[in-house]
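Participant: Next come a sequence and a model predicted from it.
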Amino acid sequence: MQRQWPPGVQAAIGLAAAIFFFLAATAEGISVNGLRDHGLRAQATVVEVHGGRNSYVMAEFTTNQGQFVLVKVEAYCWTPRPQVGDTATLIYESDNPANVQDTRISANHGRTILLVLIGLVTLAMASWYLRQAIQSK
């Protein structure tokens with residue numbers, strides 16, 4: 001026979017998990033917006049184009065501090081398709097110039113939304129267990 005935790009304990013664990021997911025979503029959202037809000041801009045030149053399913057371009061630029069950087073840009077927005085020699089404005093992190101984003105791409109909030117949804121489901125489950133705990137008294 002399997003021993004089951006009381007509904008009150010399950011509710012407390014679920015609530016703690018929901019708080020964890022909401023905090024993780026907040027941290028992810030701050031991280032995603034941080035580069036766009038606080039990053040530096042540089043004009044980059046495309047040096048390689050890799051099409052197909054997982055397309056990306058290799059681009060090079062010089063930071064404001066004079067450092068030459070070659071980066072892989074996976075999320076980009078060129079119309080028509082990028083060609084070697086094309087230029088684009090990238091946003092980069094001053095402490096880590098390899099962390100770049102094409103200025104024409106909006107921030108990717110997919111992971112943030114996923115974490116919020118998981119948090120909501122976990123909170124709903126915790127609420128159900130709490131209701132069970134209250135009804136069993």
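Facilitator: Nice, I can see it.
Participant: Average pLDDT for the helix ranked longest in the chain, rounded please.
Facilitator: Longest helix in the chain by number of residues, with DSSP state H as the criterion: helix 7-38. Within the predicted structure, the mean pLDDT of helix 7-38 is 87.
Participant: List the buried residues of it.
Facilitator: 7, 10-12, 14-15, 17-18, 21-22, 24-25, 28-29, 32, 35 (16 or more other CB atoms under 10 Å). All C-beta atoms are positioned from the backbone trio N, CA, C, and that covers glycine.
Participant: Closest one of those to L123?
Facilitator: Each of the buried residues of helix 7-38 was checked against L123 using CB to CB; the closest is A18, at 4.0 Å.
Participant: Hmm, that closest one is touching L123, no?
Facilitator: Yes. Using CB atoms under 8 Å, A18 makes contact with L123 at a distance of 4.0 Å.
Participant: the bottom helix or strand of the chain by mean pLDDT?
Facilitator: Among the helical and strand segments of the chain, the one scoring lowest on mean pLDDT, DSSP states H and E is strand 100-102, with a mean of 85.
Participant: which secondary structure elements does whichever helix or strand comes after it contact?
Facilitator: The element immediately downstream of strand 100-102 (helix or strand, assigned by DSSP states H and E) is helix 110-135. In this structure, helix 110-135 packs against helix 7-38, with contacts taken as 3 or more CB pairs under 8 Å, 6 or more residues apart in numbering; DSSP states H and E.
Participant: distance between the helix it packs on and the chain's centre?
Facilitator: Relative to the centre of its chain, helix 7-38 is centred 13 Å away, using CA atoms, centre = their mean, to the nearest Å.
Participant: same question, stretch 43-60
Facilitator: A distance of 21 Å separates the centroid of the chain from that of stretch 43-60, by CA atoms, centre = their mean.
Participant: List the contacts of that stretch.
Facilitator: Residues from elsewhere that reach stretch 43-60, judged by CB atoms under 8 Å, 6 or more residues apart in numbering: 61, 68-74, 76, 81-90, 100.
Participant: Touching, R36 and L90? I think so.
Facilitator: No. Using CB under 8 Å, R36 and L90 do not qualify as a contacting pair, with a distance of 11.5 Å.
Participant: which two in the buried residues of helix 7-38 are spaced the farthest apart?
Facilitator: When those are compared pair by pair using CB to CB, the farthest-apart members prove to be P7 and L35, with a separation of 43.2 Å.
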